[in-house]
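Peer 1: I'd like to go over a predicted model; first the sequence, then the structure.
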Amino acid sequence: MSARDLAINVLYKIEVGEAYSNTTLNKELEKSGLNSLDKGLASELVYGVMTWKLTLDEIIARYSSIKLKKISPWIINILRIGIYQIAFLDKIPVSAAVNESVNLAKRYGHEASARFVNAVLRKIEKNEIDKLIDYIGTKPKMDDEIISILTSHPLWMVNELLKEYDKKFVTELLNANNITPDITIRVNTLRTTREELKKLLELKNIDCKLGKLPDSILAKKMNNFEGQLYVVQDEAAQLACLKLDPQEGDYILDACAAPGGKTTYLAQLMKNNGKIDAWDIHENRVRLIKEASDKLGISIINERMRDASLYYTELADKYDRILLDVPCTGIGVIRKKPDIKWTRQPEDIEEIVNIQYRILDNCSRYLKAGGTLVYSTCTILDRENGGQVRKFLEEHNDFELLEETKLYPHIDNTDGFYIAKLIRK
């Protein structure tokens, strides 16, 4: 199987709703037998198409004699990777992109499909994005439509953001979503120091630098994501834990804990001294917390399956500190999970907002007087963030907001994130 074959198979599974890009791609790469160069190309094609799908489809629509919805999932993804190679990748010749795509169409379609793919791709040029911009300028399109097409984000998402931010801010934010970030790792200070780990990474010829936070390192590329000395974790997520300010001997609740990145960081900051209850609603994800803590040498985490949106009377006033990194729309992490653009729907927001508030309302009652609660999300919508905290404070006069932090990819070079630190009086 070639890199392009692998990419097409992964994209097909995503297209028909069977899979997410990261998990499916990783599984296919593991069993592919491809060399590192071909694995890199396959990954580039999958993530490139997932990132730029709406823009690529706009280009296809310009040149296709067939309406997009009538093109088979195999063929439209062959067109997408063909156009992506021509318009977005400098090192692949146009002829190679066209010929390989035609060959794919023969394998996953038929002769007529191959002729169709050839006819469309022969019209595509390296400056296709500039041509698209010029073309859009001749059409009566609104600002939100233009932003949607040129940043490859669904129109509903653009409009949702334009309710809160101006056009310039939204455009810069969404463009930042399309740039693959550096890999951010968090040092496991229970086993090493940041300086020692940086030296070790450099000995392995990994280009890296110290991050902005005390335990973060930014790396251009990692050869191995498994290790006892570090965890892959964005600085925004690390900051949520630092804002909680856990102390040795604390009794802490992490109510939405899986897969365990923040839970293990809390334990690390506590020097593995104290107790953490870590919950998740799904049994298989609870196992991930256990695996993460075992790998890092942490012994103070008590993981269990529990629904944080339900109230448990026996836990009232029990915890010194509580972390609520609640389920959200995930709009802040699109640069790492481009699937969110296409899987998330506007009708999801109301349901998510209701769940978030139930978790915040219920779990706040588990906090001791004088205790600290951090409410965080990896989204940038006020309805999920400040709106929730304002409503909560109106209904809970025994709580006070100490500080509020908002992070954005294009400003802070982190995931889009919201962190509210509250204290129970």
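Peer 2: That came in fine, so what should we check first?

Peer 1: how about the nearest residue to residue 208, chain neighbours excluded?
Peer 2: Once flanking residues are discounted, residue 208 sits nearest to residue 219: 4.2 Å by Cβ to Cβ, 6 or more residues apart in numbering. Glycine gets a C-beta too; all of them are placed from N, C-alpha and C.

Peer 1: same check on residue 154?
Peer 2: residue 341 (6.0 Å).

Peer 1: give me the number of residues near the one you found?
Peer 2: Applying other Cβ atoms under 10 Å, we find 22 residues neighbouring residue 341.

Peer 1: for it, give its distance to residue 326.
Peer 2: Distance of residue 341 to residue 326, given as Cβ to Cβ, to the nearest Å: 21 Å.

Peer 1: same check on residue 53?
Peer 2: 28 Å.

Peer 1: for residue 51, same thing?
Peer 2: For residue 51, the distance to residue 326 equals 26 Å [Cβ to Cβ].

Peer 1: show me where this protein has strands.
Peer 2: 183-187, 208-210, 216-219, 230-232, 251-254, 275-280, 301-305, 319-325, 367-377, 399-407, 417-424 (DSSP state E).

Peer 1: so can I have JSON lines of the ones you listed showing mean pLDDT, mean neighbour count and distance to residue 83?
Peer 2: Below are these laid out as JSON lines (pLDDT from 0 to 100; neighbours: other Cβ atoms under 10 Å; distance: least, Cβ to Cβ, whole Å):
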{"stretch": "strand 183-187", "mean pLDDT": "96", "mean neighbour count": "23", "distance to residue 83": "28"}
{"stretch": "strand 208-210", "mean pLDDT": "96", "mean neighbour count": "15", "distance to residue 83": "34"}
{"stretch": "strand 216-219", "mean pLDDT": "96", "mean neighbour count": "20", "distance to residue 83": "31"}
{"stretch": "strand 230-232", "mean pLDDT": "94", "mean neighbour count": "21", "distance to residue 83": "31"}
{"stretch": "strand 251-254", "mean pLDDT": "98", "mean neighbour count": "24", "distance to residue 83": "44"}
{"stretch": "strand 275-280", "mean pLDDT": "98", "mean neighbour count": "23", "distance to residue 83": "40"}
{"stretch": "strand 301-305", "mean pLDDT": "98", "mean neighbour count": "17", "distance to residue 83": "45"}
{"stretch": "strand 319-325", "mean pLDDT": "98", "mean neighbour count": "24", "distance to residue 83": "38"}
{"stretch": "strand 367-377", "mean pLDDT": "98", "mean neighbour count": "21", "distance to residue 83": "34"}
{"stretch": "strand 399-407", "mean pLDDT": "98", "mean neighbour count": "15", "distance to residue 83": "33"}
{"stretch": "strand 417-424", "mean pLDDT": "98", "mean neighbour count": "22", "distance to residue 83": "33"}
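
Peer 1: want to throw the ones you listed into CSV with distance to residue 349?
Peer 2: Shown next, in CSV, are the strands of the chain (distance: least, Cβ to Cβ, whole Å):
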stretch, distance to residue 349
strand 183-187, 27
strand 208-210, 37
strand 216-219, 31
strand 230-232, 28
strand 251-254, 24
strand 275-280, 22
strand 301-305, 26
strand 319-325, 18
strand 367-377, 12
strand 399-407, 18
strand 417-424, 15
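
Peer 1: residue 13: which of the ones you listed is closest?
Peer 2: strand 230-232 (24.1 Å; Cβ to Cβ).

Peer 1: OK, contacts around residue 248?
Peer 2: By Cβ atoms under 8 Å, 6 or more residues apart in numbering, the residues touching residue 248 are 270-271, 273-274.

Peer 1: next one: residue 304
Peer 2: By Cβ under 8 Å, 6+ apart, the contact list for residue 304 reads 277-279, 286.

Peer 1: ditto for residue 285
Peer 2: Going by Cβ under 8 Å, 6+ apart, residue 285 touches 258-259.

Peer 1: and residue 41, how many residues sit next to it?
Peer 2: Neighbours around residue 41, by other Cβ under 10 Å: 20.
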